[in-house]
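Student: Following is a predicted model, sequence given first.
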Amino acid sequence: MAHPEPDWDQEMEQTHINIPATDEYSPDNIPLLQAVRLYPKIVACAFGLALAFLLTGYDTVILGTITAVPYLKQGFGELYNGSYIIPATWLSVWSAIGPVGSMVGAVNAGWFQDRIGRRWSLALSCVVCAAGIAIAFCSNLPSEMNSRRGAFLVGRTVQGWGVGGAMAGAQTYLSETVPTSLRGSAMALSPTFMLLGELLGAAVIYGCEKKVSAAAYLIPFGTQWITTILPFILVCILSESPSYLIRKEKCDAAHRALAWFHTDRVDVSRPLAQMRLSITHEVQMSQELAYVDCFKGTNLRQTMIVAFSFVVPSFFGVPLLASASYFMQVVGMGSSLSLIVLILGIVLGLIANAIGVWLMSRVGRRRLMLSTLAVTTVIWLSMGIAGCWSGNIVIWFVFHPVILPPLIHVSNRYTAACMMAVVVVCGLGAWPASYAVSGETSSLRL
């Protein structure tokens with residue numbers, strides 16, 4: 001049964017009279033499992049859009065761990081004390097340029113998706129990401145060492161641009177199309193799929209690191225195209241965001257788009273009228289929106305909350321955890337064992353995030369974030385204290401000295417345990433909750 005297209009003037013009049021300013025008229029205040037049964041197509045779309053987050057996690061661990069692959073060190077590093085290392089300057093620049101590219105890509109996507117739509121902005125970001133992968137894939141071709149390193153730097157920059165744009169586009173699309181009852185859980189899919197991407201990336205690195213040719217790092221580079229193509233294909237199938245279409249005064253197209261997301265059991269006329277009323281009210285309050293408006297008046301508080309929620313993962317150490325394999329090698333762990341530790345931590349994080357999505361339907365976001373960040377602070381502190389000792393330790397037991405063995409190996413293993421514990425604790429709360437807050441706080445026009 002097709003959804004009838006509404007008479008918009010009549011709908012707006014009825015909206016002003018009958019529809020309250022809350023979501024109580026709609027089935028948005030229903031339990032999570034009931035909402036999943038009511039909106040199966042939206043749930044499927046949310047999982048599909050989560051491929052953009054899988055792309056982010058996969059690229060993050062590939063680029064963060066690839067520097068630990070021996071053959072890449074040989075191709076891009078220099079000989080030092082009988083082994084190849086990558087100079088600290090280049091390693092630092094490579095590590096920093098990805099996030100810088102992501103920031104630029106996200107800002108650009110925020111402006112661009114208001115011009116061409118959410119779908120095509122996300123598709124364009126995937127194309128940019130694929131171009132960056134191609135540059136990194138070909139970075140070993142120049143004969144001069146610094147040229148190879150520079151080409152890899154450019155590739156990481158362009159790829160970071162695409163990843164940042166894809167993340168911004170997917171989050172905007174989800175926050176505008178997913179009903180209130182599912183929005184928190186849908187946004188919480190971000191860390192789950194990022195961890196899944198990291199798991200796949202770590203498995204690929206582990207399977208290729210022993211190769212004695214350039215395939216040891218070219219295969220991981222090439223597989224990134226798969227995670228880029230999947231979200232590109234998806235956005236070509238999806239309908240445009242109804243909120244964007246209403247903002248562009250394409251009301252009939254918005255009605256068809258919202259009907260595309262729902263089954264015949266859901267009457268989309270009333271929620272669409274409410275959406276149109278909200279956007280009309282926002283437009284009346286402020287005409288054309290610019291970036292500077294995010295930092296004015298009451299918008300500033302929302303902007304600061306969203307900005308804080310986005311940096312929460314950095315606060316508890318996601319950038320370091322993504323490079324855990326290389327970090328563990330720096331503190332004395334073997335290459336293969338460090339990759340196993342990375343994979344184990346990702347698996348535990350996946351389980352924790354799955355539980356965290358359920359916890360958010362029972363516990364408030366703020367409580368989850370504060371409690372798990374507090375526990376994480378203690379874990380990082382204990383890890384730093386454990387790293388202060390590397391020799392023999394003498395303790396007194398019943399007035400007799402007892403000499404403990406050297407703690408350097410114990411410290412390595414405790415460091416690995418702490419990093420896995422951080423992933424688990426934050427996966428239960430701060431990580432999924434931060435993305436839920438970012439998707440629920442902004443108004444539609446912001």
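Tutor: Received it, and whenever you're ready, just let me know what you need. Residues are numbered from 1 along each chain as shown.
Student: Only C-alpha atoms from now on, for both contacts and neighbour counts.
Tutor: Noted.
Student: Can you report how many residues neighbour residue 142?
Tutor: For residue 142, the neighbour count with other CA atoms under 10 Å is 13.
Student: before we move on, what about residue 430?
Tutor: 27.
Student: hang on, isn't it packed against residue 375?
Tutor: No. Between residue 430 and residue 375 there is no contact under CA atoms under 8 Å: 10.6 Å.
Student: Contacts for stretch 346-357, please.
Tutor: When contacts are defined by CA atoms under 8 Å, 6 or more residues apart in numbering, stretch 346-357 is touched by residues 185, 188-189, 191-192, 195-196, 198-199, 420, 423-425, 427-429, 431-432.
Student: Which ones among those residues map onto helices?
Tutor: The members of the contacts of stretch 346-357 that map onto helices under DSSP state H are 185, 189, 191-192, 195-196, 198-199, 420, 423-425, 427-428, 431-432.
Student: pLDDT check: weakest of those?
Tutor: Checked by pLDDT, the ones in helices among the contacts of stretch 346-357 have residue 185 as the lowest-scoring entry (76).
Student: Does it touch residue 434 like I think?
Tutor: No. Here residue 185 lies out of contact with residue 434, judged by CA under 8 Å, at a distance of 11.4 Å.
Student: the more surrounded of the two?
Tutor: Legend: neighbour count by other CA under 10 Å for residue 185 and residue 434, higher for residue 434 (28 against 25).
Student: so what does the stretch of helix or strand the more buried one belongs to touch, helix or strand wise?
Tutor: Using DSSP states H and E, residue 434 maps to helix 430-441. Contacts defined by 3 or more CA pairs under 8 Å, 6 or more residues apart in numbering; DSSP states H and E place helix 430-441 against helix 145-177, helix 180-187, helix 189-208, helix 299-315, helix 335-360, helix 365-386.
Student: nearest to residue 276, of those?
Tutor: helix 145-177 (12.4 Å; CA to CA).
Student: any idea how far the nearest residue to residue 426 once chain neighbours are set aside is from residue 414?
Tutor: Computed as CA to CA, 6 or more residues apart in numbering, the closest residue to residue 426 that is not its neighbour in sequence is residue 372, at 5.7 Å. Applying CA to CA, to the nearest Å, the value for residue 372 to residue 414 is 20 Å.
Student: Which residue of these two possesses the greater neighbour count?
Tutor: Set residue 372 next to residue 414 and count neighbours by other CA under 10 Å: residue 372 wins out with 20 against 17.
Student: what sits against that one?
Tutor: Taking CA under 8 Å, 6+ apart as the test, what residue 372 contacts is 425-426, 428-430.
Student: ok, residue 415 to residue 386 distance?
Tutor: For residue 415 relative to residue 386 (CA to CA), the value is 8 Å.
Student: Neighbour count: those two, which is higher?
Tutor: Per other CA under 10 Å, whichever of residue 415 and residue 386 has more neighbours is residue 415, with 22 against 17.
Student: The more buried one: what's it in contact with?
Tutor: 328, 383, 386.
Student: Adding pLDDT and distance to residue 152, write the residues you listed out as JSON lines.
Tutor: Converted to JSON lines, the contacts of residue 415 look like this (pLDDT from 0 to 100; distance: CA to CA, whole Å):
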{"residue": "328", "pLDDT": "76", "distance to residue 152": "24"}
{"residue": "383", "pLDDT": "85", "distance to residue 152": "33"}
{"residue": "386", "pLDDT": "77", "distance to residue 152": "36"}
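Student: in which helix or strand would I find the closest residue to residue 190 other than its chain neighbours?
Tutor: With sequence-adjacent residues excluded and distances taken as CA to CA, 6+ apart, residue 190 is closest to residue 53, at 5.5 Å. Secondary structure from DSSP H and E places residue 53 in helix 51-65.
Student: Could you tell me which residues within the very next helix or strand once past that helix count as buried?
Tutor: Sequence order places helix 70-76 as the next helix or strand after helix 51-65, per DSSP H and E. Neighbour counts over helix 70-76 (16 or more other CA atoms under 10 Å) mark 70-73, 75-76 as buried.
Student: same for helix 70-76, what does it pack against?
Tutor: Packed next to helix 70-76, using 3+ CA pairs under 8 Å, 6+ apart, are strand 83-85, helix 145-177, helix 215-237.
Student: could you dump the helix holding residue 434 to CSV, C-alpha only?
Tutor: What follows is helix 430-441, C-alpha atoms only, in CSV (Å, rounded to 0.1, in the frame of the first residue of the first chain):
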residue,chain,number,x,y,z
ALA,A,430,32.2,6.4,27.5
TRP,A,431,32.8,5.2,23.9
PRO,A,432,29.3,4.4,22.7
ALA,A,433,27.8,7.1,25.0
SER,A,434,30.0,9.8,23.5
TYR,A,435,28.6,9.1,20.0
ALA,A,436,25.1,8.9,21.3
VAL,A,437,25.4,12.4,22.9
SER,A,438,26.9,13.9,19.7
GLY,A,439,23.9,12.6,17.6
GLU,A,440,21.2,13.6,20.1
THR,A,441,22.4,17.1,21.2
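Student: orientation of it relative to helix 189-208 in degrees?
Tutor: Orientation check (axes from the mean of the first three to the mean of the last three CA atoms, to 10 degrees): helix 430-441 against helix 189-208 gives 140 degrees.
Student: got the contact list for helix 430-441?
Tutor: Here helix 430-441 has contacts from 171-172, 174-175, 183-192, 302, 305-307, 309-310, 312-313, 353, 356-357, 360, 365-366, 368-370, 372-373, using CA under 8 Å, 6+ apart.
Student: Report the contact partners of residue 236.
Tutor: Counted by CA under 8 Å, 6+ apart, residue 236 has contacts 119, 123.
Student: average pLDDT for stretch 244-263?
Tutor: Stretch 244-263 comes out at a mean pLDDT of 79.
Student: Please disregard the earlier target; I meant stretch 109-124.
Tutor: Stretch 109-124 shows a mean pLDDT of 87.
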